[in-house]
Structure formats: structure tokens, C-alpha cells
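In: model the following, please.
(2 chains)
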Amino acid sequence: AQSVTQPDIHITVSEGASLELRCNYSYGATPYLFWYVQSPGQGLQLLLKYFSGDTLVQGIKGFEAEFKRSQSSFNLRKPSVHWSDAAEYFCAVGAASNRDDKIIFGKGTRLHILP
Amino acid sequence: SAVISQKPSRDICQRGTSLTIQCQVDSQVTMMFWYRQQPGQSLTLIATANQGSEATYESGFVIDKFPISRPNLTFSTLTVSNMSPEDSSIYLCSVEGGAGANRKGTDTQYFGPGTRLTVL
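Out: Next up, the predicted model:
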């Protein structure tokens, strides 16, 4: 079965600074990878996803993520954060195999933005 | 992407009572999912609900505690029965969607806004 780890529980960056949120996964075959964002009091919104092809994936709100198979990672990046980016970010992994039939979510990284 | 609504958005309930949460989708979907998000935690899948069949529950969740209905392709309910303070959580429904979705629970999911439940 697949698993996902987000090593950072909290991240604080200044507005306008660059951002990288880490995500490592464990799965024996090609995974489906997702990043979701949850603003306070809201449901989850899909930022981007990787299924196959180009390993650099562009998402909404200026986010991108890079799939690195050799490192089992799918880190989320943004070149310049805005105060509205303060939220909880969840990395998730799904399975391309019929043997594993659900998405597993990481524990989340809460992003704080300093003015 | 699908537009999903949930009712109620929040509720405060007494121990021992039950609450039914509704999830409505603006399009027909095969698979609907119910998740629990306990305070400060990630999402945990409770069950998968397919129309026309009984829900499939994940380890640690049972039908007596979390009965689910799926009467048609756009609607589902989750009941939290005989509640205790440990049931205080956000409950989210989601659907699998997108063109070419593999329809087996591991594709892109779209989430409702959640129901914030507090049990006293």
C-alpha cells in the first residue's frame, strides 16, 4: 500500500518570498500524486496533480510541483507567496494499480505568511 | 470539476444523539467518499459509497456507527450515530471526477466544504 510523508508541520515565510513544501511518498509502482489546499473553514481544493508525462506540473494560483522518482518526492513550490496563500497544504498519493484503491493523504503542512 | 454542497455546515450536538450529514453534487457521479478530519489531523477515509450497493467501510469504521445512504447518483448521506465527544471532527464528502478518471477511488477527488461537528 502507498504512504505519504510531509516532514514539516508548520512553515513560515515572508510575503514575497519563495516557498517549497516537501512531500515524500512510498509506493512500489507509478503513483498518482496530488497537492490540495485547505483554507480555514473550507474544504479541500485541488492545486495540481501528476499522473504521467512531464515531471514538472503547473497548477493553479501560481503553484508548481516536481515529481522526482529517484527521491520519491513531489515537492510543491511557488516563487513568490501572497498573504492569501496562508492555509493548510496536503500532499496525497493514489495508486495506478488496481490493488490499491484509495487516496492516502499526508498529515499536512500549515503555511504561515509574515507581512 | 464537480460542485459539491454539504448540509449542515456546522452543528453542535449532545452526547448520545445522531446527526445526518447531506452531500449533494451538481452532476452524476459513480463514486462518493466520506472522510473524517479530526482537529489538527489529516483526512481519514471512512467509506466509499457507490449508488446501488452498500458502502464499503475502511478499517476502524463500521456501518452501525456511520450508516451511509446513496439513493441516487447525485446525493449521499452520512449519519454519525450515538455521538461522543471523540466524534468531534470535520466530515467531508468528495467525488471522483475529471475526464478520463479511472473510477476506482485513486483519481482526482473534489471536496465539499465540510461539516464541522462538535459533540458536547
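
In: quick one, phi/psi of the closest residue to A:G16 other than its chain neighbours?
Out: Residue nearest to A:G16 in three dimensions, not counting chain neighbours: A:S80, with 5.3 Å by C-beta to C-beta, 6 or more residues apart in numbering or on different chains. Where C-beta positions appear, they are placed from N, C-alpha and C, glycine not excepted. Backbone geometry at A:S80, expressed as degrees, to the nearest 10, gives phi -150, psi 110.

In: burial check on A:S80, number of neighbours?
Out: Neighbours of A:S80 under the rule other C-beta atoms under 10 Å in any protein chain shown: 12.

In: and it, what does it touch?
Out: By C-beta atoms under 8 Å, 6 or more residues apart in numbering or on different chains, A:S80 lies in contact with A:16-18, A:62.

In: need those residues in a markdown table (columns: secondary structure and pLDDT).
Out: Shown next, in a markdown table, are these (DSSP: H, G, I helix; E, B strand; the rest coil; pLDDT from 0 to 100):
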| residue | secondary structure | pLDDT |
| --- | --- | --- |
| A:G16 | coil | 97 |
| A:A17 | coil | 97 |
| A:S18 | coil | 97 |
| A:G62 | helix | 95 |
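
In: now the helix or strand hosting A:A65: buried residues?
Out: Assigned by DSSP states H and E, A:A65 belongs to strand A:64-68. Of all the residues in strand A:64-68, those buried under the rule 16 or more other C-beta atoms under 10 Å in any protein chain shown are A:64-67.

In: pLDDT weak spots in chain A?
Out: Across chain A, the ranges flagged by pLDDT under 70 are A:96-101.

In: what ranges do the strands span in chain B?
Out: B:4-7, B:10-13, B:19-25, B:31-37, B:43-50, B:56-57, B:68-72, B:75-80, B:89-96, B:109-111, B:115-119 (DSSP state E).

In: want to throw those strands into TSV with mean pLDDT, distance to A:A86 and mean neighbour count?
Out: Compiled in TSV, those are given as follows (pLDDT from 0 to 100; distance: least, C-beta to C-beta, whole Å; neighbours: other C-beta atoms under 10 Å in any protein chain shown):
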stretch	mean pLDDT	distance to A:A86	mean neighbour count
strand B:4-7	94	24	17
strand B:10-13	96	22	13
strand B:19-25	97	28	19
strand B:31-37	92	18	24
strand B:43-50	91	20	21
strand B:56-57	92	35	17
strand B:68-72	93	34	16
strand B:75-80	96	30	21
strand B:89-96	93	18	24
strand B:109-111	88	19	24
strand B:115-119	96	19	18
